[in-house]
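In: dropping a prediction and its sequence here:
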Amino acid sequence: MPRIARLTTTAPSSRKPTPCAHRYELPADLGAPRLLRTWITARLAGWHLPGPGDDLLLIATELATNAVRHGGTPARITLALCCPDAGRRVVRLEVEDSGPGFDPRSRTHPVRAESCTGRGLLLVDRLSSAWGVRPTAAGQLVWAELPT
């Protein structure tokens with residue numbers, strides 16, 4: 001049974017104006033992405049943002065599953081409502097794990113339509129307005145943004 005996640009709310013980041021950011025500790029359990037979807041739905045409702053819901057939930061599921069499956073360690077999730085430009089708001093999801101990391105450009109073979117795996121980052125690319133990967137001191141962080 002997965003352990004209960006801890007939720008914290010952080011102060012605005014100096015990187016971007018962030019009126020609100022929430023953190024979630026995702027257990028290293030393949031059932032954990034289901035818990036993450038429930039948590040994200042509650043955060044979006046609290047922000048009165050139904051718009052990016054379905055796409056964000058799919059992206060979160062894909063990134064969380066990758067973190068648990070390939071990282072093999074608990075992951076740290078950050079969900080933030082950012083206002084980079086006046087009148088434009090973006091929801092940013094970050095998934096950080098302590099796994100070995102990867103280079104998304106290193107994929108040498110195409111994903112086959114009938115494959116049950118390997119399409120997660122393709123979905124993230126298609127559904128998000130921007131996404132990327134960067135190394136961290138502990139492993140790597142994959143992020144995706146969606147307009148609200």
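Out: Cool, got the structure.

In: for the chain, which segments count as helices?
Out: 32-46, 53-66, 120-127 (DSSP state H).

In: export the ones you listed to a markdown table and tack on distance to A75?
Out: The way it works is simple: take the backbone N, C-alpha and C, and place the C-beta from them, glycine included. Shown next, in a markdown table, are these (distance: least, CB to CB, whole Å):
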| stretch | distance to A75 |
| --- | --- |
| helix 32-46 | 8 |
| helix 53-66 | 7 |
| helix 120-127 | 14 |
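
In: ok, which of the ones you listed comes nearest V133?
Out: Nearest to V133 among the helices of the chain is helix 120-127 (9.0 Å), distances taken as CB to CB.

In: now the closest one - C-alpha only, CSV.
Out: Extracted as CSV, the C-alpha positions of helix 120-127 are listed here (Å, rounded to 0.1, in the frame of the first residue of the first chain):
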residue,chain,number,x,y,z
GLY,A,120,4.7,9.0,-22.8
LEU,A,121,7.1,11.7,-23.8
LEU,A,122,5.5,12.0,-27.2
LEU,A,123,2.2,12.7,-25.4
VAL,A,124,3.9,15.2,-23.2
ASP,A,125,5.3,16.9,-26.3
ARG,A,126,2.0,17.1,-28.0
LEU,A,127,-0.2,18.2,-25.1
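
In: and the angle from it to helix 53-66?
Out: Angle, helix 120-127 to helix 53-66, by axes from the mean of the first three to the mean of the last three CA atoms, to 10 degrees: 160 degrees.

In: residues contacting helix 120-127, please?
Out: 55, 58-59, 62-63, 65-66, 104, 111, 131, 142, 144, 146 (CB atoms under 8 Å, 6 or more residues apart in numbering).

In: and for stretch 43-58?
Out: For stretch 43-58, the external contacting residues (CB under 8 Å, 6+ apart) are 20, 22, 37, 40-41, 79, 81, 91, 93, 123, 127-128, 146-148.

In: show me which pair in those residues is furthest apart.
Out: Taking CB to CB as the measure, those have their most distant pair in C20 and L123, spaced 26.0 Å apart.
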